[in-house]
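> Give me a 3D structure for the following:
(chains A and B)
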Amino acid sequence: MKFLPLVWANLFHKKTRLILTLLSLIAAFMLFGLLQAVSVLFSSGADFVGANRLITQAKVSFTQPLPLALLPRIESIPGVARVAWSQFFGGIYIDERNFFAQFAVDPERLLDAYPEWILPAEQRVAFTRTRTGAIVGRKLAEQYGFKIGDKIPLKSFIFTRKDGSRAWEWDVVGIFDGKDADWSGRSNLMYLNFGQFDEARQFGQGSAGVYIVRVDNPDDSERIAKAIDSQFENSPDETKTQTERDWNLSFVRQIGDIGLIVTGILGAVFFTILLVIGNTMSQAVRERIPEFAVLKTLGFSDGQVTGLVLAEAFVLCFVGAALGMVLAIGAAKGVSGALNGAPVSVLPIVWAQAFVTMLVLAFAVGIFPALRARRLQIVDALAGR
Amino acid sequence: MTTLVSIRGVAKRYTRGKQTVDVLQALDLDIASGDFLALMGPSGSGKTTLLNLIGGLDKPSAGEIIVDGKRIDQLSSGQLAKWRARHVGFVFQFYNLLPVLSAEANVELPLLLTSLNKAQRKKNVAAALAVVGLSDRATHKPSELSGGQQQRVAIARALVADPTLLVCDEPTGDLDRKTADEILTLLQALNRNHGKTIVMVTHDAKAAEYASHRLDMDKGALVSGVVA
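Purely as a prediction, here's the structure:
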């Protein structure tokens, strides 16, 4: 510990270089913390803990519709509180750039399944009674200036009307809010009354994309999920039931192997950082060869000089990694919001990975300059040779 | 007076590429404990090489060097490092202070290699800075000090571990006459009042006058000796 002030002071040999080096380390480790947190989330198995809502889709693919006839059998399973269904509509508002999610739903069932959405009673009634009705999330309404009474034209890239047209028109009858800031942040979507949708569509009547199953007790969710899937095992409509969180994540998983993508990005980032910091350390030691010669003159051994350079690399990487990981915690909250509240957090395992990475990085960038300082001949170094 | 440094048949040969240069040739020298020896001679005469050998910074190609009863020419580089830390203080022409450290932190460096605790180190550093008259500049960085003050800090660093021997390589070579005289007076006081044995390499005849002995070198050999 008595050498720490010496190590610390030597880091400030060139302040501008130190700041730039630290910034690059902070950025690298922030990215590391964030991407590893995301990777851990996506690589984790099914987690039913605390899940009060399940999503049932066709086992083959979520694009395969399920008949509405399954509803009574799902509702009959003990512990199921309310079942809703939902069909992704795939509508474009005026221009392809104006894409937002719309789902055709049974109004009563949907709002029962999602008590997190707050909709005034009269608007709820209007949504239930208006077969061309739609309700819009506050965030979406503010983005496009939608208000009650508006007629919104949507061109679905999935569903054609019986008259061959893809143009649908929906009447805004309500604007819903989230129960808290988290849910308000997710209110950038629109629900459409299943009535007009099912009557007018050219194909797929009497079916929906997924069932949304609200359970009485989250502790029963795993049992209920298994019970639903076993109900339809070996039938033409086999199902796959998972928590709402896992179902949401499965969409992102379609991008590809998240773990591989994360590893690839981090590999490139840390290879670059290795070169940048390695070069910086080499330069810093090269400039201070006479100073290391003085230390050796004073009696510092080869091992102590090697240790001082490695310690400099370690302290530099440690400070950069610690600050980067702290920033990653904040960034993870932002990503969590973007993933509809999926728990993206910098878990202890990510901290442990960051620590090991930091150690490896510090050793890799420090060892060659340290060996150079170790090998220097005092007389030659003092003479500037 | 007892002999502190005994040099017998010391030679030093450097090989640079295909060229071999004999810098020192079969040199014999005794330096008494408490002596203040000035080594003079033209550039390339081998005086700095001899100083490096006495200070344990380099090893001879042949011969033996005994300092305070220890054959240092047979020590490994690790053993030599430990020996230097305990027995030798160094003063260089260009001070060679670490620019990122304050004066007191520079002076403390040799003590980091001892078992002294922080309070003891601080006390010794303060004492060394007081000896060189720089107590009021303890927290200043080298860039905030004049050349003479930097050299005083370097002398304090050389003294702080209470070494047996001080080796000084052109300690006034970068200083003006007045400041050089102040530094030389300080070295002389350390020799006379504190009993430090000093070996100093210099080009400056006036500087050599502060020493108690002067030896001239030429072409790797001692050519004359003068008692001051």
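> Every contact and neighbour count from this point should use C-alpha atoms.
Fine.
> Which residues of chain B lie near chain A?
Applying the criterion C-alpha under 8 Å from any C-alpha of the partner chain, the portion of chain B that neighbours chain A consists of B:52, B:57-58, B:78, B:80-85, B:89-90, B:96-101, B:109-110, B:112-113.
> Regarding residue A:135, what is its secondary structure?
strand (DSSP: H, G, I helix; E, B strand; the rest coil).
> related to what we said a few turns ago, please narrow the residues of chain B next to chain A to those residing in helices.
B:52, B:78, B:80-85 (DSSP state H).
> can I see the domain layout of chain A?
The record assigns chain A these domain ranges, following automatic domain parsing: A:4-45+A:257-382, A:53-216.
> So which of the ones you listed is nearest chain B?
domain A:4-45+A:257-382 (4.3 Å; C-alpha to the nearest C-alpha).
> Endpoints of the closest one, how far apart?
Counting by C-alpha to C-alpha, to the nearest Å, you get 25 Å between the two ends of domain A:4-45+A:257-382.
> quick check: longest helix of the chain.
If you meant another chain, say so; for now it's chain A. Taking DSSP H as the assignment, the helix of chain A that covers the most residues is helix A:302-338.
> wrong one, I was asking about chain B
helix B:177-194.
> which of the residues in it are buried?
Across helix B:177-194, burial judged by 16 or more other C-alpha atoms under 10 Å in any protein chain shown covers B:179-181, B:183-184, B:186-188, B:190-191.
> circling back to that earlier point, just so I know, which of the domains of chain A lies nearest residue A:238?
Distances from residue A:238 to each of the domains of chain A were compared using C-alpha to C-alpha; the minimum, 5.4 Å, belongs to domain A:53-216.
> where's the residue nearest in space to the middle of chain B, which helix or strand?
Nearest to the mean C-alpha position of chain B, counting by C-alpha atoms, centre = their mean, stands residue B:167 at 1.4 Å. When elements are defined using DSSP states H and E, residue B:167 is found to belong to strand B:165-169.
> Buried by neighbour count, from the ones in helices among the residues of chain B next to chain A: which ones?
Of those, these count as buried by 16+ other C-alpha under 10 Å: B:52, B:80-85.
> Hmm, residue A:308 and residue A:374 touching each other?
No - assessed by C-alpha atoms under 8 Å, residue A:374 is found out of contact with residue A:308, at 10.0 Å.
> Mutual contacts of the two, please.
Taking C-alpha atoms under 8 Å, 6 or more residues apart in numbering or on different chains as the contact criterion, no residue touches both residue A:374 and residue A:308.
> CSV for the domains of chain A, including distance to residue B:141 and mean neighbour count?
Conversion of the domains of chain A to CSV gives the following (distance: least, C-alpha to C-alpha, whole Å; neighbours: other C-alpha atoms under 10 Å in any protein chain shown):
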stretch, distance to residue B:141, mean neighbour count
domain A:4-45+A:257-382, 12, 19
domain A:53-216, 54, 18
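> Now that we have these, can you turn them into a markdown table and tack on distance to residue A:240?
Conversion of the domains of chain A to a markdown table gives the following (distance: least, C-alpha to C-alpha, whole Å):
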| stretch | distance to residue A:240 |
| --- | --- |
| domain A:4-45+A:257-382 | 15 |
| domain A:53-216 | 5 |
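> if we can go back for a sec, do the longest helix of chain A and chain B meet at all?
Yes - judged by C-alpha under 8 Å from any C-alpha, helix A:302-338 and chain B are in contact via residue A:302.
> contacting residues around the closest residue in space to residue A:101 that isn't next to it in sequence?
If you skip the residues right next to it in sequence, residue A:101 has residue A:189 as its closest partner in space, 5.1 Å away by C-alpha to C-alpha, 6 or more residues apart in numbering or on different chains. For residue A:189, the contact set (C-alpha under 8 Å, 6+ apart) comprises A:100-102, A:136-137, A:140.
> what would those residues look like in CSV with pLDDT?
Conversion of the contacts of residue A:189 to CSV gives the following (pLDDT from 0 to 100):
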residue, pLDDT
A:100, 88
A:101, 90
A:102, 93
A:136, 96
A:137, 95
A:140, 92
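> Let me know the closest of those residues to residue B:48.
The shortest gap between residue B:48 and any of the contacts of residue A:189 belongs to residue A:100, at 81.0 Å (C-alpha to C-alpha).
> Find the residue closest to that closest one in space, skipping its chain neighbours.
Once flanking residues are discounted, residue A:100 sits nearest to residue A:189: 6.2 Å by C-alpha to C-alpha, 6+ apart.
> That neighbour and residue A:124, how far apart?
16 Å.
> How about residue B:92?
Separation of residue B:92 from residue A:124 (C-alpha to C-alpha) stands at 89 Å.
> Report the contact partners of residue A:325.
If a contact means C-alpha under 8 Å, 6+ apart, then residue A:325 has A:26, A:29-30, A:32-33, A:351, A:354 as its contacts.
> cool, and residue A:13?
Residue A:13 makes contact with A:284, B:99-100 under the criterion C-alpha under 8 Å, 6+ apart.
> how near is it to residue A:286?
Using C-alpha to C-alpha, one gets 12 Å for the distance from residue A:13 to residue A:286.
> swap in residue B:170?
Here the criterion is C-alpha to C-alpha. By it, residue B:170 lies 25 Å from residue A:286.
> so how far is stretch A:228-236 off the chain centroid?
Between the mean C-alpha point of stretch A:228-236 and the mean C-alpha point of its chain there is a distance of 32 Å (C-alpha atoms, centre = their mean, to the nearest Å).
> buried set for that stretch?
Of the residues in stretch A:228-236, A:228-229, A:232 count as buried by neighbour count, 16+ other C-alpha under 10 Å.
> Make TSV out of those and add secondary structure and distance to chain B.
As requested, the buried residues of stretch A:228-236 are exported to TSV (DSSP: H, G, I helix; E, B strand; the rest coil; distance: C-alpha to the nearest C-alpha, whole Å):
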residue	secondary structure	distance to chain B
A:228	helix	70
A:229	helix	70
A:232	coil	75
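> and those as a markdown table, adding pLDDT?
Shown next, in a markdown table, are these (pLDDT from 0 to 100):
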| residue | pLDDT |
| --- | --- |
| A:228 | 95 |
| A:229 | 95 |
| A:232 | 93 |
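> Please give me every residue in contact with residue 196.
The chain I'm using is chain A. Counted by C-alpha under 8 Å, 6+ apart, residue A:196 has contacts A:131-132.
> Chain B, not that one
For residue B:196, the contacting residues are B:33-35, B:164-166, B:190, taking C-alpha under 8 Å, 6+ apart as the criterion.
> now, which of the residues you listed sits nearest residue A:89?
Comparing every one of those with residue A:89 (C-alpha to C-alpha), the shortest separation belongs to residue B:166, at 89.1 Å.
> count of neighbours near that closest one?
Each residue near residue B:166 was counted by other C-alpha atoms under 10 Å in any protein chain shown, and the total is 24.
> same thing with the one 10 residues further on?
Taking other C-alpha under 10 Å as the neighbour definition, residue B:176 ends up with a count of 11.
> Just the strands from chain A, written as ranges.
A:53-58, A:66-67, A:80-88, A:91-92, A:101-105, A:117-118, A:133-137, A:151-156, A:167-178, A:189-193, A:207-208, A:210-215, A:239-243 (DSSP state E).
> What strands flank the third one, and is each parallel or antiparallel?
Going back to what we said before, that points to strand A:80-88. Here strand A:80-88 is paired, per DSSP bridges, with strand A:101-105 (antiparallel), strand A:210-215 (antiparallel).
> Same check on the longest one?
Each strand paired with strand A:167-178, and its direction, by DSSP bridges: strand A:117-118 (antiparallel), strand A:133-137 (parallel), strand A:151-156 (antiparallel).
> Since that was my last question, I'll sign off now.
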